[in-house]
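Colleague: here's my sequence, what's the structure:
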Amino acid sequence: MQLSFKNGHRTPLRGPRRRTLADLEQNQEGVLSSLELPDDFAHRLMELGFIPGIRVLASHSAPGGDPRVFRVDGTEIALRSETARRIWLETA
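Modeller: As a prediction, the model looks like this:
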């Protein structure tokens, strides 16, 4: 991917931007692509339904915005933003 440097920041010139679970707005959904977490934590989330290829819906959040609740396969699971930023979605 080619990058452009604007105002000291690297930004893609073309192609889709990778999104994470944290990028979803309330009531938006995405398809999980990968979990970039320590193996034990990733395995625990996979046991809870966070499996690549599954749809995840961003539900509500705590009053301060963290943690956020996500619906996976009919189950609601709260995740901190730092965790949600390490769960990648498929690009459209």
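Colleague: please, where are all the strands along this structure?
Modeller: 3-6, 9-12, 29-35, 55-61, 68-72, 75-79, 87-89 (DSSP state E).
Colleague: packing partners of the shortest one?
Modeller: Read it as strand 87-89. strand 29-35 (3 or more C-beta pairs under 8 Å, 6 or more residues apart in numbering; DSSP states H and E). No exception for glycine: its C-beta is placed from N, CA and C like everyone else's.
Colleague: in this structure, where is pLDDT below threshold?
Modeller: Within the chain, the stretches with pLDDT under 70 are 1-17, 92.
Colleague: give me the helices and strands touching the longest helix along the chain, please.
Modeller: Counting residues, the longest helix in the chain under DSSP state H turns out to be helix 39-47. Packing partners of helix 39-47 (3+ C-beta pairs under 8 Å, 6+ apart): strand 29-35.
Colleague: residues in contact with the nearest residue to residue 31 once chain neighbours are set aside?
Modeller: Distances taken as C-beta to C-beta, 6 or more residues apart in numbering put residue 90 closest to residue 31, at 4.5 Å, once the chain neighbours are dropped. Going by C-beta atoms under 8 Å, 6 or more residues apart in numbering, residue 90 touches 30-33.
Colleague: looking at the strands of the chain, which is nearest to residue 45?
Modeller: strand 29-35 (6.2 Å; C-beta to C-beta).
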